[in-house]
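In: Just the structure for this:
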Amino acid sequence: LPSGGQYNTLSKEQRDIFEARMKEIWTQRQTELKEYQEDFMIDLPEVLKDRIRRIKAYLADPYPHLVEVVNAPETGSTSLEEEDGEDSKMVTHIISVLEDA
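Out: Residues are numbered from 1 along each chain as shown. Okay, here's the model as predicted:
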């Protein structure tokens, strides 16, 4: 605790209570941070491994992926598709290999 002011007037019992409460708050905060990280943080090495696996599969045999795109129903066109037509669909599909599964 900082020296001076009201902190010097705390009794040993009050200081012990204060320290115990600060430890309790700290422990609770650390638990919340850990839970948040487990829920919302990504496992970057696993994401990269998955992306590499998907790119390798695509490069090894792009035909099934292309057939999937051709047979997929239209979900609406973007301005890029309107300008570029079928070429933009292909670019979108190639990029889709990198999207999160």
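In: could you pull out the strands for the protein?
Out: When assigned using DSSP state E, the chain turns out to have no strands.
In: Please enumerate the helices of it.
Out: Using DSSP state H, the helices found in the chain span residues 12-40, 44-60, 63-71, 79-84, 86-96.
In: any idea which of these is most buried?
Out: helix 86-96 (a mean of 14; mean count of other CB atoms under 10 Å). Bear in mind the C-beta positions are built from the backbone N, C-alpha and C, glycine included.
In: what stretches of the protein score poorly on pLDDT?
Out: Per-residue confidence of the chain (counting by pLDDT under 70) places the weak regions at 1-8, 74-101.
In: again, 90 this time
Out: When the per-residue scores of the chain are filtered using pLDDT under 90, the ranges that remain are 1-10, 35-48, 50-51, 53-101.
In: Number of residues surrounding residue 10?
Out: By the measure other CB atoms under 10 Å, the count of residues near residue 10 is 13.
In: Offset the numbering so it begins at 19, please.
Out: With 19 as the first residue, the last one maps to residue 28.
In: right, and it touches residue 36 too?
Out: Yes. Checked against CB atoms under 8 Å, the pair residue 28 and residue 36 is within contact range at 6.8 Å.
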